[in-house]
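Engineer: Turn this into a structure:
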Amino acid sequence: MAPLLTRTIRGMLADNAIDGDGRFRQMEKVMGMDDELSAIAERFDFMAEDARRHFGQWDVGDPVAWAILRVVQAQNDYAHSIDLVADYGVNERVVEAATKERREAIAALQEALEREPRELQ
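Structural biologist: Sure thing, here's the model as predicted:
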């Protein structure tokens, strides 16, 4: 009987029974996902660090920069609220409140962009 073919993370076909019960191939798939997630996390960290490094004195007077910081803080609070619910069983209303703040922060960013002088756009 031919090995069972399954889809891997990138849509490629791979046999699922190299050692008879599929565990080796399944572990290989998980490792591949870990590698891909690790690469995504590394890219994200690089972009965040690069953005932080170049946020400077010219941005302190820019309402758009302040609105961006509010969005970033709201995203941090949102992620933290999910952790609180998942890890400690905190009431899910904390996620609802964080979601509301995130939406308000995004709306404030949009408003700041719309108020920006047209010659800067």
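Engineer: In a strand, Gly61, correct?
Structural biologist: No - going by DSSP: H, G, I helix; E, B strand; the rest coil, the assignment for Gly61 is coil, not a strand.
Engineer: what about the strands in the chain?
Structural biologist: 5-7, 13-15 (DSSP state E).
Engineer: For Trp58, give me the pLDDT.
Structural biologist: If you check Trp58, the pLDDT there is 71.
Engineer: same deal with Gly61?
Structural biologist: Value for Gly61, per-residue pLDDT: 85.
Engineer: what about it, how many neighbours?
Structural biologist: 8 (other CB atoms under 10 Å). Just so you know, the C-beta spots here come from the backbone N, C-alpha and C atoms, and that holds for glycine as well.
Engineer: Wait, Val95 touches Tyr78, no?
Structural biologist: Yes - applying CB atoms under 8 Å, one finds Val95 in contact with Tyr78, separated by 7.4 Å.
Engineer: and for those two, which residues touch both?
Structural biologist: Here Val95 and Tyr78 have no joint contacts, going by CB atoms under 8 Å, 6 or more residues apart in numbering.
Engineer: Pass me the low-pLDDT residue ranges in this structure, would you?
Structural biologist: By pLDDT under 70, the low-scoring segments of the chain are 1-33, 57, 118-121.
Engineer: ranges for the helices of it?
Structural biologist: 23-53, 63-88, 93-115 (DSSP state H).
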